[in-house]
Each structure stands twice: as C-alpha cells, then as structure tokens.
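In: Return atomic coordinates for the entry below.
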Amino acid sequence: GAAGLAPSVGEAQRGNVDDIVRELVGDLVAAASASWREHCLEGQAVELIADHVSAMSAESRLAAYSALLLRLGPGESAESEGRAATALRFEVLKRCMWVFWGRFPGDAAALLAVLARRALRLDAGPGDEEVLENIGPTGVRCDVRTCDVRLVLQCVSVFWLVVRDRAATGGAALEEAAAGLRRVIGGQDAATEAAKCDDGDSFARLALEAVVLPVLGDTLMTLTARAPREAALALEGLQTTALWRDAFESRSEGSRTLAELDWFLTLHARHAEWSEAQRAEEAERLAAPPSRRFLGGFGAAPRDTDDLLSKASVARDAVLDWARPRLAQDRPLLEPSPGTPTTLPEGQWSRLCSTLASRAL
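Out: Next up is the predicted model:
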C-alpha cells in the first residue's frame, strides 16, 4: 500500500547527505574554479572535492564533478586564450580525470557521458532549437554554450589518455571500469560486447568505439553547426592528439564521422578564403579611378587587379576541387551506419546532418 511507496530510511538518509554535501561541494567548486591554476594545479582542490563527493550517491557525484569540469572550461571565444593557457587547462583537466578514475573507476565512463549531455543540454527536457532561414531547426539547442562544448572536446581527449594508461595498468580498478562501461552502453547486445573486456586492450577498444568517439563526434558536430570557425580551431587542436591518431588507426565507425566533419570544416575555410578574395577584388575595383575601373570586361584591368582576380580564381577553384569528390558520392553527408552509437536523440542527429549538408551545398 502507501507504505510501499514511501522512500526507505536509507534512501532518505542518502538524500539528506547529498543535499548537505552538494552545498559544500558547490562552494569548493566555485573557489577552485575562480583561481584554478593556484588551487587545482598547485594545490589539492581536486583531491579535496573528490573526497567530498565520495559521500554522495553516484548520480549526485556525477552531477557535482561534471559541474566542476564545466566551471574549469575556457572562455566564450577560442581565439581569446593563448597556447600556454590552453596547455595549463589541459593539465588541470587531466588531473581531474585522473583523480576521478582513481577514486571512482566504475563511474569513469558515466562521467564523460553525463558531461556531454549537460553541455549539449540533453537532460534539460524538450527545448527550443536554433532555427536558420532556408534550413529550419539546426539540431542545436538555443541554450547550448560553445565554451561548454569546447570543454567537452578537451575532456574527451584527456579521458582517452587516462583510458590508455589505466588499461595498461589493469587490475581491480579496470574490472570496475569495465562494469561501469557496461552500464553506460546499456542494451543486451552492447552488454554482451562489454562482457568481452577481459584485458586492457579490449576494454580500451570498446571504450573508444562505444563512448569516446560517439561523444567526440556528437560534440564536434554540434560545435560545427553552431560555430564553424570555433569548430575549426578545436579541430586543429584535436588533430594533434593521441585520440585522433588512435581513432583513425583503429578504423572505427566513429572515425568516418570525424573525417566528414574535417571535410566540411576544410570546405568552410576555403569558402571563407574565396569570399575574402572576392571582397578584396571588389574593394580594389571601387578604389581605382573611374578611367581605370574594369567593369564587366570593358577596358584593361590594372596589373594589381589582375593579381586579385587570379587570387579569387585560385580560391574558387580550391573550393570546387575540394567539394566535387564528396558531393559526387551517393551517400549523404554524415550518414551513420546502422547501429552507430550516439549520445543524441535520432531526430536531433538528423537535423544536425541536414544543417551541415545544406551549408555545404
């Protein structure tokens, strides 16, 4: 009856503990993120926060620790942060991931999934998506912040380094991590595959294919649809990482998504160069004396205008040469193979693909 619907004493106590610790951890996170170099790199703030969240339920612990990571993220513009600051932030994130895995190996894969869902606003329930003229809903929630998405991309790279190190170490912690991976993947078939994690290499391979690359692909595609220039800068950094190299060497399905996004972002960059060359050509034409203007093919163009026309022509050819081979293929841009893992709802993934395909055309 009604007694069966009431929370148990243990559940009520756990809820009280979570409420108490959550407020304390929130204060610790705020203090640590306000001066992260001092507290997180030089101090013990990360370890202190990990100690406190150990008293929380798994769900609350993941929420609190993902909040820490998001608070440690970069600013709104990728161009505003120098390489030195980016490298230091990478070390902080690596320390955060390393400490969390050491304390809670069974929740390590879940942390990455929760972080991605928070950054992409997937846990906020139905929300409004950005709408572009002639395209419609883009597949990107209106309240998504690009700095959060870029933070996830950095965390994915860091997480993969920790996976490789921990997989090589093995032991009981790896067994806990494998069990946690099964819970994240879910589903009977996926659980059967996860049960094959009988050594470090097989665990790393499954983590890459089932969690790491899906999160990487979904977040990079979201950033590409929202802010292609920001995505291009993020891609430039990703291409130097062990994750990028391992993704393509493994020939995982997720690497095809990355290759498609690389193609699109290169197309976007070349198109920007072509547009800039056209603007320079027009500005030069308008700046020339009326007697020297080259209008519609009448009269002789000055030497410098010839150079500009040549640059615009070369830039145009670069765009078309890059675009033709991919656009000639029958397979739609970013179309996944059946069963490809993703963190996104099916409809949202399709809208993201449509957005990028429309922009490419």
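
In: what about the stretch 251-361 of the chain, any weak spots by pLDDT?
Out: Where the stretch 251-361 of the chain drops to pLDDT under 70, the residues are 291-309.

In: which residue ranges form the helices in it?
Out: Assigned by DSSP state H, counting those that start in this stretch, the helices in the stretch 251-361 of the chain fall at 253-287, 303-327, 346-360.

In: is it possible to export these to CSV including mean neighbour count?
Out: Where you see a C-beta, it was placed from the backbone N, CA and C, and this is true even at glycine. Below are these laid out as CSV (neighbours: other Cβ atoms under 10 Å):
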stretch, mean neighbour count
helix 253-287, 17
helix 303-327, 14
helix 346-360, 18
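
In: among those, which is nearest Val114?
Out: Nearest to Val114, of all those, is helix 346-360, at 17.6 Å by Cβ to Cβ.

In: and the direction of that closest one versus that of helix 303-327, what angle?
Out: Inter-element angle recorded for helix 346-360 and helix 303-327: 150 degrees (by axes from the mean of the first three to the mean of the last three Cα atoms, to 10 degrees).

In: Extract the C-alpha set from helix 346-360 and format it as PDB.
Out: Coordinates of each C-alpha in helix 346-360 appear next as PDB, following Å, rounded to 0.1, in the frame of the first residue of the first chain:
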ATOM      1  CA  GLU A 346      17.800  10.300 -33.500                       C
ATOM      2  CA  GLY A 347      15.800  13.300 -34.700                       C
ATOM      3  CA  GLN A 348      18.400  15.700 -33.400                       C
ATOM      4  CA  TRP A 349      21.300  13.900 -35.100                       C
ATOM      5  CA  SER A 350      19.300  14.000 -38.400                       C
ATOM      6  CA  ARG A 351      18.700  17.800 -38.100                       C
ATOM      7  CA  LEU A 352      22.400  18.400 -37.400                       C
ATOM      8  CA  CYS A 353      23.300  16.400 -40.500                       C
ATOM      9  CA  SER A 354      20.800  18.400 -42.600                       C
ATOM     10  CA  THR A 355      22.200  21.600 -41.300                       C
ATOM     11  CA  LEU A 356      25.700  20.800 -42.400                       C
ATOM     12  CA  ALA A 357      24.600  19.300 -45.700                       C
ATOM     13  CA  SER A 358      22.600  22.500 -46.500                       C
ATOM     14  CA  ARG A 359      25.500  24.700 -45.600                       C
ATOM     15  CA  ALA A 360      27.900  22.600 -47.700                       C
END
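
In: Just list what that helix packs against, helices and strands only.
Out: Under the contact criterion of 3 or more Cβ pairs under 8 Å, 6 or more residues apart in numbering; DSSP states H and E, helix 346-360 touches strand 129-132, strand 136-141, helix 213-226, helix 253-287.

In: now these as a markdown table including distance to Ser57?
Out: Converted to a markdown table, the helices and strands packed on helix 346-360 look like this (distance: least, Cβ to Cβ, whole Å):
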| stretch | distance to Ser57 |
| --- | --- |
| strand 129-132 | 32 |
| strand 136-141 | 27 |
| helix 213-226 | 23 |
| helix 253-287 | 31 |
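
In: Looking at those, spot the one closest to Leu243.
Out: helix 213-226 (7.1 Å).

In: ok, the residue nearest to Val144 when sequence neighbours are not counted - how many residues close by?
Out: Excluding the flanking residues, the one nearest Val144 by Cβ to Cβ, 6 or more residues apart in numbering is Arg121, at 5.5 Å. Neighbourhood size, Arg121 [other Cβ atoms under 10 Å]: 17.

In: Please verify my assumption that Arg121 contacts Gly139.
Out: No - assessed by Cβ atoms under 8 Å, Arg121 is found out of contact with Gly139, at 11.9 Å.

In: OK, contacts around Val152?
Out: Leu115, Ala116, Ala119, Val215, Thr219 (Cβ atoms under 8 Å, 6 or more residues apart in numbering).

In: Please verify my assumption that the fourth one contacts Ser157.
Out: No - counting by Cβ under 8 Å, Val215 sits too far from Ser157 to count as a contact (10.8 Å).

In: Show me which residues of stretch 22-41 are buried.
Out: For stretch 22-41, burial by neighbour count (16 or more other Cβ atoms under 10 Å) applies to Arg22, Val25, Leu28, Val29, Ala32, Ser33, Trp36, His39, Cys40.

In: Just send those residues back as a markdown table, with distance to Gly254 too.
Out: Listed next are the buried residues of stretch 22-41 as a markdown table, based on distance: Cβ to Cβ, whole Å:
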| residue | distance to Gly254 |
| --- | --- |
| Arg22 | 34 |
| Val25 | 33 |
| Leu28 | 35 |
| Val29 | 31 |
| Ala32 | 33 |
| Ser33 | 31 |
| Trp36 | 30 |
| His39 | 35 |
| Cys40 | 30 |
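
In: can you count the residues close to Asn134?
Out: Neighbours of Asn134 (other Cβ under 10 Å): 5.

In: and what of the one 3 residues further on?
Out: The burial metric for Pro137, expressed as a neighbour count using other Cβ under 10 Å, is 16.

In: and if you look at Ala108?
Out: For Ala108, using other Cβ under 10 Å, the count is 25.

In: Pull the contacting residues for it.
Out: Neighbours of Ala108 in contact, by Cβ under 8 Å, 6+ apart: Met97, Phe100, Trp101, Phe159, Val162, Ala177, Gly180.

In: Dump these to JSON lines, plus distance to His268, pLDDT and neighbour count.
Out: As requested, these are exported to JSON lines (distance: Cβ to Cβ, whole Å; pLDDT from 0 to 100; neighbours: other Cβ atoms under 10 Å):
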{"residue": "Met97", "distance to His268": "31", "pLDDT": "95", "neighbour count": "23"}
{"residue": "Phe100", "distance to His268": "35", "pLDDT": "96", "neighbour count": "25"}
{"residue": "Trp101", "distance to His268": "36", "pLDDT": "95", "neighbour count": "22"}
{"residue": "Phe159", "distance to His268": "27", "pLDDT": "97", "neighbour count": "28"}
{"residue": "Val162", "distance to His268": "32", "pLDDT": "95", "neighbour count": "19"}
{"residue": "Ala177", "distance to His268": "38", "pLDDT": "92", "neighbour count": "24"}
{"residue": "Gly180", "distance to His268": "37", "pLDDT": "92", "neighbour count": "20"}
